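1. need coordinates for the following:
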Amino acid sequence: MTLLQGQTATRSLTITALSVRTFAELTGDYNPLHFDEAFAASTKFGRLVAQGGLTTGLLHALVAMDMPGPGTVFLSQNWKFTAPVYIGDTISARAEVRSVHPTKPVCQLQIEVRRGDGEVVLEGEAWCYTFRGGAPTTQR
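-> Next comes the predicted model:
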């Protein structure tokens, strides 16, 4: 795939209680913010929240499967969480190509994840490398 500056891709995911449980089983993240309703209600979140890894996992899927696509890995990430994701929320990740290296299969992406209500829950940038036998090129 030839990547172009300004090119975008999106991917969505609905966060369920099963998603949160499965993530905890895989990672060991049983923080009471994710499982103890009384504890979560006593925090500024007011209710159970999903692990941040579920939000960033959506970005991994977007990069690996959509754009740049299969064979792509993150080289670096610089993002911040700006709002919580609650169980039951549908989140949508968006990546935009900011730059493409002219001779290497490396690109810079602007990243944003929003909840279904439109609030940004994560924003930042990432650098990616694609293992597919050739460098992405820009069209002129």
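2. residues in contact with F131?
-> 71-73, 105 (Cβ atoms under 8 Å, 6 or more residues apart in numbering). Placement of C-beta: from N, CA and C, glycine included.
3. now, which of the residues you listed sits nearest L33?
-> V73 (29.3 Å; Cβ to Cβ).
4. who does the helix or strand where that closest one lies touch, helix- and strand-wise?
-> Taking DSSP states H and E as the definition, V73 sits inside strand 72-81. Contact here means 3 or more Cβ pairs under 8 Å, 6 or more residues apart in numbering; DSSP states H and E; on that basis strand 72-81 packs against helix 52-61, strand 106-115, strand 120-130.
5. buried subset of the contacts of F131?
-> Buried residues within these, defined by neighbour count using 16 or more other Cβ atoms under 10 Å: 72, 105.
6. could you work out the most separated pair of the contacts of F131?
-> Between any two of the contacts of F131 (Cβ to Cβ), the greatest distance is 10.5 Å, for V73 and P105.
7. find residues that contact each of the two.
-> 129-131.
8. as TSV, the helices and strands packed on strand 72-81 with distance to F81 would be great.
-> Below are these laid out as TSV (distance: least, Cβ to Cβ, whole Å):
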stretch	distance to F81
helix 52-61	6
strand 106-115	9
strand 120-130	5
